[in-house]
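J.: here is the input, now give the coordinates:
(chains A, B and C)
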Amino acid sequence: MPELPEVETTLRGIAPHFEGQTLALVQVRAPMLRQPTPQAALIQGRTLSNLRRRNKYILADTNDAHTLLLHLGMSGRIVLTPPTAPLLKHDHIILRTANGVEARLNDPRRFGLFLRIPTAQLATHPLLAAIGPEPLSPAFTGAYLHKALRGKSVAIKAAIMDGRVVAGVGNIYASESLFRAGISPLAAAASLSRRRCDALVFHIIATLTEAIAAGGSSLRDFTQASGELGYFQHSFRVYGRAGQPCPSCATPLKSKVISQRNTFWCPACQR
DNA sequence: CTGAGCACCTGAGGGC
DNA sequence: TGCCCTCAGGTGCTCA
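T.: This next block holds a predicted model:
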């Protein structure tokens, strides 16, 4: 699924067409994603504002004191289409503006989410209340990370994929950032020095920023809202490259499952 | 509290 | 061509 760069790319694709726009037509074709979906009638006719991303969620306020929350799960994507385009299998949510722009959420595995939450309850909503700082915000510093890792015996890779530590870092960008920082994904989180936390924060920010600039990574499912492919997958240094030479030292890259997710690293460069 | 394991669901790709 | 197995960018529940 989309990690932070793919969600950010999706947001940037749809926001210009939906910010301030009224939803002339809403269809909720799947009654259930990860959680039950809201009735279309509650959303149709509302005007959207303040489209934004938090963690891997896309949020948009409606002019009835509610906020729509959308998550792409593992396999979700949003594509902009003309209303005349034929519906595809797994098109679960359709939002059409009065201008005739349609955004369709297509999510084969249905791990995504579409919720309608009273805006006043957003900050305390269980999905959002415990989320850590945004990695691209000033709050995400080496000092913060060093403190957040205190007492954590889990592998550093699992720690940075924990949204309570930092928002939005998923399986690909965790491996890529750790490689760039020269840190073994297996290192105990609490064992990282302050200096190494500084380096890791720097490289998480750099990796995510570059990926956003590339329009995200397109593996199986992801496309930008325009339908174009992202191209950051061509910049992966370790992800998916087990057995291939390290781009830095040519040592064969290793892979191993860490907390249920396949992880890639260079055993020579990363300590 | 933490961490590990499993579950949710569909589809793509490889081996036979 | 088809069957069976494994794997996939996420998260949230249960259990020890």
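
J.: helix or strand: which one has residue A:201?
T.: helix A:194-213 (DSSP states H and E).

J.: following that helix, which helix or strand comes up?
T.: Criterion used, DSSP H and E; the element after helix A:194-213 is strand A:254-258.

J.: that following strand packs against which elements?
T.: Applying 3 or more Cβ pairs under 8 Å, 6 or more residues apart in numbering; DSSP states H and E, one finds that strand A:254-258 makes contact with strand A:261-265. (C-beta placed from N, C-alpha, C; glycine too.)

J.: just checking: what are the partner strands of the strand it packs on?
T.: strand A:254-258 (antiparallel) (DSSP bridges).

J.: what does the stretch 101-250 of chain A put close to DNA strand B?
T.: A:108-111, A:151-154, A:158, A:189, A:220 (Cβ under 7 Å from any atom of the strand).

J.: looking at these, spot the one nearest residue A:230.
T.: residue A:220 (12.2 Å; Cβ to Cβ).

J.: pLDDT wise, what is the closest one at?
T.: Among the per-residue scores, residue A:220 shows a pLDDT of 69.

J.: kindly report the same for the one 3 residues further on.
T.: Reading off the per-residue confidence, residue A:223 sits at a pLDDT of 73.

J.: what about it, neighbour count?
T.: 20 (other Cβ atoms under 10 Å).

J.: then residue A:137?
T.: For residue A:137, using other Cβ under 10 Å, the count is 11.

J.: can I get the buried part of the residues of the stretch 101-250 of chain A next to DNA strand B as one ChimeraX selection?
T.: Buried members of those, defined by 16 or more other Cβ atoms under 10 Å, are picked up in ChimeraX with:
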select /A:108,110,152,154,158,189
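
J.: the residues of the stretch 101-250 of chain A next to DNA strand B in helices, which ones?
T.: residue A:158 (DSSP state H).

J.: the residue of the stretch 101-250 of chain A found nearest DNA strand B - nearest residue in space that isn't next to it in sequence?
T.: Closest contact between the stretch 101-250 of chain A and DNA strand B, by Cβ to the nearest atom of the strand, is at residue A:109 (3.3 Å). Computed as Cβ to Cβ, 6 or more residues apart in numbering, the closest residue to residue A:109 that is not its neighbour in sequence is residue A:75, at 4.3 Å.

J.: wasn't the one you found part of a helix?
T.: No. Judged by DSSP: H, G, I helix; E, B strand; the rest coil, residue A:75 forms no part of a helix; its state is coil.

J.: where do the helices sit along the stretch 1-150 of chain A?
T.: For the stretch 1-150 of chain A, applying DSSP state H, counting those that start in this stretch gives helices covering A:4-18, A:142-148.

J.: which elements pack onto the host helix or strand of residue A:174?
T.: Assigned by DSSP H and E, residue A:174 falls within helix A:171-181. Identification of packing neighbours for helix A:171-181 by 3+ Cβ pairs under 8 Å, 6+ apart yields helix A:156-160, helix A:194-213, strand A:261-265.

J.: among the ones you listed, which is nearest residue A:60?
T.: helix A:194-213 (19.5 Å).

J.: so that closest one versus helix A:4-18, what angle?
T.: 40 degrees (axes from the mean of the first three to the mean of the last three Cα atoms, to 10 degrees).

J.: pull the residues that contact helix A:194-213.
T.: With contact meaning Cβ atoms under 8 Å, 6 or more residues apart in numbering, helix A:194-213 is reached by A:4-5, A:8-9, A:135-136, A:140-146, A:149, A:156, A:160, A:166, A:168-169, A:173, A:176-178, A:180-183, A:192, A:217, A:230, A:232, A:235.
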